[in-house]
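**Student:** here is my input; please provide its structure:
(2 chains)
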Amino acid sequence: MSDLYQTQRAMRAMRQAALQRGVIAILDVGTSKVACLILRFDGSAVEGEGIGALAGQSAFRVIGAAVTRSRGVRFGEINAMPETERAIRTAVQGAQKAAQVRVDHVIAAMSGGGPRSYGLAGRAELDGMAVEQCDVARVLASCDVPDFGEGREVLHAQPVNFAIDHRSGLSDPRGLVGDELFCDMHALTVDRRVVANLIHCIKRCDLELAGLVSGAYVSGLSSLIEDEQELGAACIDLGGGTTSVSIFWRKQFIYGDCVAMGGDHVTSDISKGLQVSMSTAERLKTVYGGVVATSMDDRDMVEIGSEETGDWESDRRTVTRAEIIGIMRPRVEEILEEVRARLDGAGFSTLPSQRIVLTGGGSQIPGIDTLAPRILGSQVRPGRPIRVAGLPEKATGPAFSSAVGLCLQAAHPQDEWWDFDIPSTRYPARSLRRAVRWFRDNW
Amino acid sequence: MRSLTHPRGYRDPAPSRLSYRLHRLALTPHLRRAFVLGGPLVAAALVLTLIFADLERRAAMVSWYHGVVDQIQNRKEFAVNTVSINGALDPLADEIRARMDLRFPVSSFDLDLEAMRAQVEALDAVESAHLRIRKGGVLDIAVTQRVPAMIWRTRTGLQLLDAEGNRVSSLGFRDERADLPLISGYGADRAVPEALQLYAAARPVLPRIRGLVRIGERRWDLVLSEGQKVKLPEDNPVRALEQVLAIDEAEELLSRQVVLVDMRMPRRPTVRLKPKSAEVSRDERVQQLGEK
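**Tutor:** Now for the predicted structure:
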């Protein structure tokens, strides 16, 4: 765990360096597309009466954006590294060309790797003193860490809630007086090999990794409005290869999960059902797709219009739109039911508000706003990411919610466990640094 | 497994690793600035070097440059056509003209006014000179002449000196400037101010003064009419002269039979009588003693 602590701190230092420089790139390596946005932090936040902080996104501006088709990625995990490297190079070079700036630091999102959430609890004695920074570090370090399993890596470890004696729900306990300090921490682990592949792939593109964030977390960050984050809401990012689920409550990310099914499965279903190629199936899905069939759709004949086999009979077939919908609907229902099962497992039904926001490219399927409430509950709305300055129009759709969320996360990072110094008791005994730390904590 | 390498002629839509790195290198701020700024500079330097590497071309360039400079300097706006001399009388003005030896018209760029001023001031009769080029191509020379204050008789002739002792000009006859006092003796010109002071002090006996003679380059003799002489000391001669004149006023010393008043030791003035009158005085003294 200490090894991870050091790498995460190194990444945090790298991000600080990048922010000093003022230019940072964010990279969303997804199953269906690779997006790269270049942000410039010039500190010229728009301020004035009636203009809030806008979640910090007024501090930066997107100066370059590029999207390319993803290659060599399945289920949000890299399975052909040279291919993925080429896709990342294409996206980064396009964005650099648009921005006319060279970027060296990149913050990446990862949606695959089978994320698992853990709730940790810690407690520390205060003896009637006021809480200070070192006490927070102490209580975070005192969390009893469960066995995450072989080959798991902690991606996030965020303090979610603090309590002093019997007062709970504190977001910042510093300065408060009490006898005992408790904390709840949310840890998210992913597969170490998947992370290592992504890091290696980015390194091969001559880029420095300045942060690694869960895709579920950042898409929730950009799609949920502030009230929803406060009262409790789930964000479902229907991506290409995976469907990410994140639950927010009291403005904290408390649960993240991932269903290894997405839009690509819908496409492959169409491809198999209609005996057409994947690209044709993708076109049919995006142009004629839907999940709720009406009587009109039975008469709506769609020409497949591919010229693949060279056989007239095969290439000039027509299908009704209802047939396409009939293929798509069961798969979408399956995805949503799987999401429902994950939400139930996470105890989403116990939250005071049960708002569910659908985002990601899959949320653009016509009719999903009538299908989803039947499975997920009545409070479902389609969501698109918050607007940020300088983002091109083509990158404002729901498919870019995790990319936009990464921008917000880069501008306003959440405190993580490794942002606090290790308490002196964790240092090896007889260490000089331990002595220095002890002096700094006590005087 | 199928071949991982692509067939010949396949072009990947992604940028190759080389082009990706070159693109990043081109976007590096320092390199970019060096290229945008340094590239044109280097190119310009190269072109200039190649042009000037040829000796003939360089010579042609230099001669062209000099031609242009001459052309501008010889314009009629810069030509000087006449010289006007103020403050100098005719013989001196003619001498200045001859000394400068200018052939008009001449470009004002070719005139070295400082050197010309030195040339004019080198003349004895000129105390100072101001030169400037006026509008209309006129070289204006304003001359301040030296004013003669004294005549110096030397072995070779008479010289006019100004109040500082500088030579002004020669003089043919003493009568030409009867108004000026006369001095003589080796090194007398170096003590002109003192001589003037002595003349000012000797105003009461001015009509009788013949002149001042510098003795041994250190002290003065005042020569009066009828061969009378006042020997003045080296230090403070004016005071000694005033002393003599005071005695003269009280006792009419100089109207008596006195040949020489020696004031070289001011505390012990000595008087020499005419040889005849000395005998007379001695006889008188003898008679007085005899009567007693």
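
**Student:** so is the one helix or strand A:Glu85 maps to next to chain B?
**Tutor:** Using DSSP states H and E, A:Glu85 falls within helix A:81-99. Yes: Helix A:81-99 reaches chain B (CB under 8 Å from any CB of the partner chain) through A:Arg86, A:Ala87, A:Arg89, A:Thr90, A:Val92, A:Gln93, A:Gln96, A:Lys97. Using the backbone N, CA and C atoms, a C-beta is placed for each residue, glycine as well.

**Student:** weed out the non-buried ones from those.
**Tutor:** With burial judged by 16 or more other CB atoms under 10 Å in any protein chain shown, the buried subset of these is A:Arg86, A:Ala87, A:Arg89, A:Thr90, A:Val92, A:Gln93, A:Gln96.

**Student:** which among the residues of helix A:81-99 next to chain B gets closest to chain B?
**Tutor:** Among the residues of helix A:81-99 next to chain B, A:Arg86 lies closest to chain B (CB to the nearest CB), at 3.5 Å.

**Student:** and the gap between that closest one and B:Ser16?
**Tutor:** Using CB to CB, to the nearest Å, we find A:Arg86 at a distance of 9 Å from B:Ser16.

**Student:** what of B:Ala88?
**Tutor:** Taken as CB to CB, the span from B:Ala88 to B:Ser16 is 91 Å.

**Student:** show me where chain A has helices.
**Tutor:** A:2-21, A:81-99, A:133-141, A:192-204, A:215-223, A:226-231, A:263-274, A:278-288, A:295-299, A:312-315, A:321-345, A:368-376, A:401-411, A:432-442 (DSSP state H).

**Student:** which one of those lies nearest to B:Phe35?
**Tutor:** Between B:Phe35 and the helices of chain A, the shortest gap by CB to CB is with helix A:81-99, which sits at 16.3 Å.

**Student:** which parts of the stretch 101-250 of chain A sit against chain B?
**Tutor:** A:Val101, A:Arg102, A:Cys205, A:Asp206.

**Student:** list buried residues within these.
**Tutor:** A:Val101, A:Arg102, A:Cys205.

**Student:** the second one against B:His30, yeah?
**Tutor:** Think A:Arg102. No: in this structure, A:Arg102 is not within contact of B:His30 by CB atoms under 8 Å, at 10.6 Å.

**Student:** buried residues in stretch B:97-111?
**Tutor:** Quick answer for stretch B:97-111 (16+ other CB under 10 Å): B:Met100, B:Val106, B:Ser107, B:Leu111.

**Student:** likewise stretch A:222-232?
**Tutor:** A:Ser222, A:Ser223, A:Leu224, A:Glu228, A:Gln229, A:Leu231, A:Gly232.

**Student:** need the contact list for residue 143.
**Tutor:** This is for chain A. Residues in contact with A:Cys143 (CB atoms under 8 Å, 6 or more residues apart in numbering or on different chains) are A:Leu120, A:Ala121, A:Gly122, A:Cys183, A:Met185.

**Student:** meant chain B actually
**Tutor:** Here B:Val143 is in contact with B:Ile85, B:Asn86, B:Gly87, B:Ala88, B:Leu92, B:Ala93, B:Ile96, B:Val120, B:Val126, B:Ser128, B:Ala129 (CB under 8 Å, 6+ apart).

**Student:** what about the fourth one, how many residues nearby?
**Tutor:** Read it as B:Ala88. 22 (other CB atoms under 10 Å in any protein chain shown).

**Student:** touching, it and B:Gln145? I think so.
**Tutor:** Yes: in this structure, B:Ala88 is within contact of B:Gln145 by CB under 8 Å, at 6.1 Å.

**Student:** which residues are in contact with each of these two?
**Tutor:** B:Ala125, B:Val126.

**Student:** show me the chain divided up by domain.
**Tutor:** Picked chain A for this. If you go by automatic domain parsing, the domain ranges for chain A are A:1-115+A:189-223+A:386-443, A:116-188, A:263-328.

**Student:** that was the other one, I meant chain B.
**Tutor:** Taken from automatic domain parsing, chain B resolves into B:76-145, B:148-277.

**Student:** for the longest one, the distance to its chain's centre please.
**Tutor:** Spelled out, that is domain B:148-277. Counting by CA atoms, centre = their mean, to the nearest Å, domain B:148-277 is centred 31 Å from the centre of its parent chain.

**Student:** next: stretch A:99-109.
**Tutor:** 18 Å.

**Student:** could you list the buried residues of it?
**Tutor:** So stretch A:99-109, judged by 16+ other CB under 10 Å, has buried residues A:Ala99, A:Val101, A:Arg102, A:Val103, A:Asp104, A:His105, A:Val106, A:Ile107, A:Ala108, A:Ala109.

**Student:** okay, and the beta partners of B:Ile215?
**Tutor:** B:Arg219 (DSSP bridges).

**Student:** where in the chain is pLDDT low?
**Tutor:** Chain wasn't specified; assuming chain A. Within chain A, the ranges that satisfy pLDDT under 70 run A:1-5, A:43-58, A:421-430.

**Student:** oops, wrong one, chain B.
**Tutor:** Looking at chain B by pLDDT under 70, you get B:1-2, B:292.

**Student:** what parts of it come near chain A?
**Tutor:** Counting by CB under 8 Å from any CB, chain B sits next to chain A at B:Asp12, B:Pro13, B:Ala14, B:Pro15, B:Arg17, B:Tyr20, B:Arg21, B:His23, B:Arg24, B:Leu27, B:Thr28, B:Pro29.

**Student:** now the second one: which helix or strand?
**Tutor:** Put plainly, it is B:Pro13. Applying DSSP H and E, one finds B:Pro13 in no helix or strand.

**Student:** what's stretch B:238-246 in contact with?
**Tutor:** B:194, B:197-198, B:201-202, B:204-205, B:222, B:230, B:232-233, B:253-254, B:261, B:263, B:266, B:269.

**Student:** buried subset of the residues you listed?
**Tutor:** B:194, B:198, B:201-202, B:205, B:222, B:230, B:232-233, B:253-254, B:261, B:263, B:269.

**Student:** filter these down to the ones in helices?
**Tutor:** Using DSSP H, the buried ones among the contacts of stretch B:238-246 in helices are B:Glu194, B:Leu198, B:Ala201.
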